[in-house]
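Colleague: task: produce atomic coordinates for the following.
(one chain, ligands or ions: 1)
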Amino acid sequence: MQKIINKLKKKKIPLDIYIDYCLYKFKESYYEKKKIFGPKGDFITSPYISSIFGEMIAVFVANYFIRKGINKFSIIEIGAGEGLMSKDIIKTLNKFKEIKFTYSILEKSKNLKETQKKKLEEFQVNWLNSLGTKKNKNVFILSNELLDSLPVKHLKKINNKWFEKYVFYNITEKKIKTKYYKTKKINNKIFNLITKNIKFIEYSPLALNLLNKISNLIKKNKNNCFLTFDYGYTDSNFKNTLQGIKRHSKFSIFEDPGNVDITYLINFHLIKNIFNNNRLFNNIIMSQSKFLINNGILERLKRANKLCSSEIEKRTLIKSVNRLIDVKQMGKLFKVFFVQNDI
Ligand SMILES: C[S@@+](CC[C@H](N)C(=O)[O-])C[C@H]1O[C@@H](n2cnc3c(N)ncnc32)[C@H](O)[C@@H]1O
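Modeller: Next up is the predicted model:
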């Protein structure tokens, strides 16, 4: 996108600002484009693999409240993409006649908000502008692959001093390049959450902010909670995992800005620390495979199999469920983080 190159020609910008320009800031930015999801787009997420994924989440949400004797609750999904998972969740929850729920979406992309409105027009869905909703009681916040799409910073410690990665345009080489510069201002928030010996940090200030807002909302009522799915790792050391994806393959994040998805692996140890720091200690991290199996995906598969009209349909169904739970596919790299207020 020429607009980004022109900006970079004028001055260097921090990595997270560059990513925000590429993904969200302008109408030519990546998430404002059509057809980025699914087999014909650049990447695929779990709801595109099988509707059983959303069904499992719906069952988890319903059980969470039913076990507490609650039959009226609110769901807030953050970053709903094309609304595919929202649809599967709402359709499944509608089958539980004894429960009443509201479904709200907080979505950053204008383009995706429009798509969601079209896809979900048969259901009663509200779109929020912020997390500060009037309803603070019995709120279930959820997201799938939200955190990995939030812009990150790269920080490096050299001789006991912190340096931050900036992006600029090299006019002679006609290329976008990066360089570390000494940080002017230390952001205490992140340094309070990491161990002292760490020498490299890949983190998203926006995610930190959003997760703190989620924490505050959870704290408002003992039944509030947050469930999120994403790919990532659990050790305390940070890795440099930033990558571009174009048509299902890796691609440089500095070539063709605005037409490439930019993503990274979540450091779930950091996510846990954010909630622990806010005194929400009742939180767990588990593999996607364990979560789905614990919630009955294999029994659901057996029932769905009986309804298949052909062998090909059966095989496709088994293959897609397998993709979600197989440890060599999405089962292990993808993790589930669940935090609740109730002790
Ligand atoms: C990788 S997509 C995942 C979409 C969908 N959940 C799925 O699984 O297919 C990330 C989504 O998060 C949205 N998003 C990014 N930053 C956001 C923010 N700060 N608040 C709300 N939505 C955001 C994007 O526009 C997009 O809809």
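
Colleague: what distance separates the opening and closing residues of stretch 274-282?
Modeller: The first residue of stretch 274-282 is 12 Å away from its last residue (CA to CA, to the nearest Å).

Colleague: what about it, distance to the chain center?
Modeller: Remark: stretch 274-282 is offset 19 Å from the chain centroid, using CA atoms, centre = their mean, to the nearest Å.

Colleague: got the residues of the stretch 151-300 of the chain near the ligand?
Modeller: By the rule CB under 6 Å from any ligand atom, the part of the stretch 151-300 of the chain lying against the ligand is 206, 210. For the C-beta atoms, the positions are set from N, CA and C on the backbone; glycine is no exception.

Colleague: which residues of the stretch 151-300 of the chain fall in strands?
Modeller: Along the stretch 151-300 of the chain, counting by DSSP state E, counting those that start in this stretch, strands occupy 153-158, 161-170, 175-182, 200-203, 225-233, 243-246, 249-251, 261-263, 266-267, 283-287.

Colleague: deepest in the core, which of the ones you listed is it.
Modeller: Of all these, strand 266-267 has the most neighbours on average by mean count of other CB atoms under 10 Å, namely a mean of 27.

Colleague: so which residue is dead centre in the chain?
Modeller: residue 146 (1.7 Å; CA atoms, centre = their mean).

Colleague: find the nearest non-adjacent residue to it, please.
Modeller: Nearest residue to residue 146 in three dimensions, chain neighbours excluded: residue 79, at 3.7 Å (CB to CB, 6 or more residues apart in numbering).

Colleague: is it true that that neighbour touches residue 113?
Modeller: No - the pair formed by residue 79 and residue 113 falls short of the contact definition of CB atoms under 8 Å, at 10.8 Å.

Colleague: overlap in contacts of the two?
Modeller: Common neighbours of residue 79 and residue 113, counting by CB atoms under 8 Å, 6 or more residues apart in numbering, are residue 107.

Colleague: more crowded one of the two?
Modeller: residue 79 (22 against 15; other CB atoms under 10 Å).

Colleague: I'd like the distance between that one and residue 150.
Modeller: Note on residue 79: its distance to residue 150, by CB to CB, to the nearest Å, is 9 Å.

Colleague: nearest residue to residue 102 other than its sequence neighbours?
Modeller: Closest to residue 102 by CB to CB, 6+ apart is residue 74, at 4.7 Å.

Colleague: now do residue 246
Modeller: Among residues not flanking residue 246 along the chain, residue 260 sits closest, at 4.9 Å (CB to CB, 6+ apart).

Colleague: can you count the residues close to that neighbour?
Modeller: Using other CB under 10 Å, residue 260 has 22 other residues around it.

Colleague: pretty sure it is touching residue 30, no?
Modeller: Yes - assessed by CB under 8 Å, residue 260 is found in contact with residue 30 at 6.8 Å.

Colleague: next, show the common contact partners of those two.
Modeller: residue 22.

Colleague: where in the stretch 101-250 of the chain is pLDDT low?
Modeller: Within the stretch 101-250 of the chain, the stretches with pLDDT under 70 are 133-134, 186.

Colleague: re earlier: what bridges to the residue nearest to residue 102?
Modeller: Residue 74 forms beta bridges with residue 102, residue 139, as assigned by DSSP bridges.

Colleague: again with residue 249
Modeller: According to DSSP bridges, beta-bridge pairing links residue 249 with residue 246.

Colleague: how many residues are close by residue 77?
Modeller: Taking other CB under 10 Å as the definition, residue 77 ends up with a neighbour count of 26.

Colleague: ok, the nearest residue to residue 297 once chain neighbours are set aside - contacts?
Modeller: Distance criterion CB to CB, 6+ apart; nearest residue to residue 297, sequence neighbours excluded, is residue 56 at 5.6 Å. By CB under 8 Å, 6+ apart, residue 56 lies in contact with 291-292, 295-297, 300.

Colleague: mind checking the SS state of residue 56?
Modeller: At residue 56 the chain is in helix, as set by DSSP: H, G, I helix; E, B strand; the rest coil.

Colleague: state the distance from the residue nearest to the centre of the chain to residue 30.
Modeller: 15 Å.

Colleague: returning to that earlier point: show me what contacts the residue nearest to the centre of the chain?
Modeller: Going by CB under 8 Å, 6+ apart, the list of residues near residue 146 reads 78-79, 228, 230.

Colleague: of the residues you listed, closest to the ligand?
Modeller: Ranked by distance to the ligand (CB to the nearest ligand atom), these are led by residue 79 at 2.4 Å.

Colleague: how about the contacts made by that closest one?
Modeller: Contacts of residue 79 by CB under 8 Å, 6+ apart are 106-108, 143-146, 149.

Colleague: just residue 82 next, same as before
Modeller: Applying CB under 8 Å, 6+ apart, the residues near residue 82 are 37, 112, 115-116, 119.

Colleague: repeat the analysis, applying 6 Å as the threshold.
Modeller: Residue 82 sits next to 37, 115 when contact means CB atoms under 6 Å, 6 or more residues apart in numbering.

Colleague: that one in helix, strand or coil?
Modeller: Going by three-state DSSP: residue 82 is coil.
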